[in-house]
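A.B. asks: next come a sequence and a model predicted from it.
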Amino acid sequence: MNVLVINCGSSSLKYQVINSDTEAVLAKGLCERIGIDGRLTYKPAGGAKEEREVDMPTHKQAIQLVLDALVNPKTGALKSLSEIGAVGHRVVHGGEKFASSTILNEEVLKVVEECNDLAPLHNPANLIGIRACQELMPNTPMVGVFDTAFHQTMPEKAYMYGIPYEYYDKYKVRKYGFHGTSHSFVSQKVAELLGKPYDSLKTIVCHLGNGASVCAVDKGKSVDTSMGLTPLEGLIMGTRSGDVDPSVLEFIAKKDNIDITGVLNILNKKSGLLGMSDGLGSDFRDIREAAGNGNEKAKVAMDAFAYRVAKYVGAYAAAMNGVDVIAFTAGIGEHASALRTQICEYFGYLGVTIDETENWKEEDYMTISTPDSKVKVMVIATNEELAICRETVALVK
Ligand code: ADP
């Protein structure tokens, strides 16, 4: 079956068509600047990448353009849209309602809508993408794959905040965690590569991209993760602060005479590597280059980034009373060899030793610890689209 995988944001939309039997990507691309002007990228397998400016006033029009590109007689990866057997949608927040992926029908969509409050930046955009696809492909089954679902196995002691119970009772204020599709994919891949049963391993996954989170996976279940009610908690990220003393909000609000939304905007969009480097950039490569050229703020930002990851790994090794595998993934985790070394230097007490020849290779799946390292350290290229495709097929078959 061919599955169209859609990851719809407020002004952008990433898509892939995957053949679920061979797991080959038949075509992929991106719509950007939806509702502003519009830019479509389309790349069929084995063909040239096309990029063009094209009007995209709404998500429905963006998706229509994607479908047109997919069946274009010259460059299309498909002969007709009937070759798409199902659509898998990434949905950021499933609240406590969704502990696994689910077929999307009206009843389910209502429940997803109820989660909008919890992820006002992401969920409404995800829903717009779903609705647009439903209109354009009314007879094709749609599946929702939630970033939060994998973490629904966390015990209460991990997900409850130390605040009055009534806020959980009334508003479901708790830790949810995100990047679940990636943490699940990577931890399963680790078990598969090691030839060990998934439910026999204690794995800590470090998903380090623009957004970043760490997850403790004990016997195949997420037992703790660094992101919280929203994706702001935890690690230092590209533009997000991660953990801060909540009093910082009131302090800055009073000093700068701004409201809480203004401060949260600073913590979400102007902090992290971008903020710590005094505006140099949110992209790790820019920070690394500046640090290499002697920029002190960039160096501190990088050091703090690594230190925060190391602290979470230490915490999760304690939470699981041990760790068998530490896995790095996503843009920074997969490619920043020197940063991996820097992080792993904190794990001497765990008996971690890194093979620096292996660590500097660029492969999708690598073990970078030495054979006698007490904990295996691996690099696993995440593939959230493939994970969404697999979940989708499992539900519609
Ligand atoms: P997201 O999906 O959250 O947007 P990615 O997983 O694509 O993020 O990761 C983006 C981050 O990965 C950026 O900070 C980028 O600098 C970093 N990155 C990408 N390639 C490399 C590389 N070769 N070396 C170091 N960092 C890299």
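C.D. replies: Yep, that arrived.
A.B. asks: state the mean pLDDT of the host helix or strand of residue 190.
C.D. replies: Per DSSP states H and E, residue 190 falls inside helix 180-194. The pLDDT scores in helix 180-194 average 98.
A.B. asks: would you mind listing what in the protein touches the ligand?
C.D. replies: 209, 210, 211, 238, 283, 284, 285, 330, 331, 332, 335, 336 (Cβ under 6 Å from any ligand atom). Using the backbone N, CA and C atoms, a C-beta is placed for each residue, glycine as well.
A.B. asks: ranges for the helices of the stretch 101-250 of the chain?
C.D. replies: Applying DSSP state H, counting those that start in this stretch to the stretch 101-250 of the chain gives helices spanning 106-114, 123-136, 156-159, 165-171, 180-194, 247-256.
A.B. asks: could you say which of those helices is packed most deeply?
C.D. replies: Between the helices of the stretch 101-250 of the chain, helix 180-194 has the highest mean count of neighbours, a mean of 23, where neighbours are mean count of other Cβ atoms under 10 Å.
A.B. asks: give me the helices and strands touching it, please.
C.D. replies: Counting contacts by 3 or more Cβ pairs under 8 Å, 6 or more residues apart in numbering; DSSP states H and E, helix 180-194 packs against strand 202-208, strand 212-218, strand 221-225, strand 325-329, strand 365-367, strand 376-380, helix 384-396.
A.B. asks: give the pairing partners of the first one; include direction for each.
C.D. replies: According to DSSP bridges, strand 202-208 has the following sheet partners: strand 212-218 (antiparallel), strand 325-329 (parallel).
A.B. asks: out of the ones you listed, nearest to residue 1?
C.D. replies: In terms of Cβ to Cβ, the element of the strands paired with strand 202-208 nearest to residue 1 is strand 325-329, at 26.7 Å.
A.B. asks: now the element after the closest one, going C-ward?
C.D. replies: Per DSSP H and E, strand 325-329 leads on to helix 330-335 as the next helix or strand towards the C-terminus.
A.B. asks: which one of the helices of the stretch 101-250 of the chain lies nearest to residue 266?
C.D. replies: Across those, residue 266 has its closest neighbour in helix 247-256 (7.0 Å, Cβ to Cβ).
A.B. asks: how far away from the center of its chain is that closest one?
C.D. replies: Taking Cα atoms, centre = their mean, to the nearest Å, one finds the center of helix 247-256 at 30 Å from the center of the full chain.
A.B. asks: next structured bit after it?
C.D. replies: helix 260-269.
A.B. asks: so for that following helix, what's the average pLDDT?
C.D. replies: When pLDDT is averaged over helix 260-269, the result is 95.
A.B. asks: re earlier: and of the helices and strands packed on helix 180-194, who's closest to residue 10?
C.D. replies: Across the helices and strands packed on helix 180-194, residue 10 has its closest neighbour in helix 384-396 (18.5 Å, Cβ to Cβ).
A.B. asks: contact partners for the nearest residue to residue 150 once chain neighbours are set aside?
C.D. replies: Once flanking residues are discounted, residue 150 sits nearest to residue 180: 3.1 Å by Cβ to Cβ, 6 or more residues apart in numbering. Residue 180 is in contact with 146, 147, 148, 149, 150, 151, 215, 222, counting by Cβ atoms under 8 Å, 6 or more residues apart in numbering.
A.B. asks: so what's the residue count around whichever residue of the stretch 251-397 of the chain sits closest to the ligand?
C.D. replies: Closest residue of the stretch 251-397 of the chain to the ligand, Cβ to the nearest ligand atom: residue 331 (2.1 Å). Counted with other Cβ atoms under 10 Å, the neighbours of residue 331 add up to 17.
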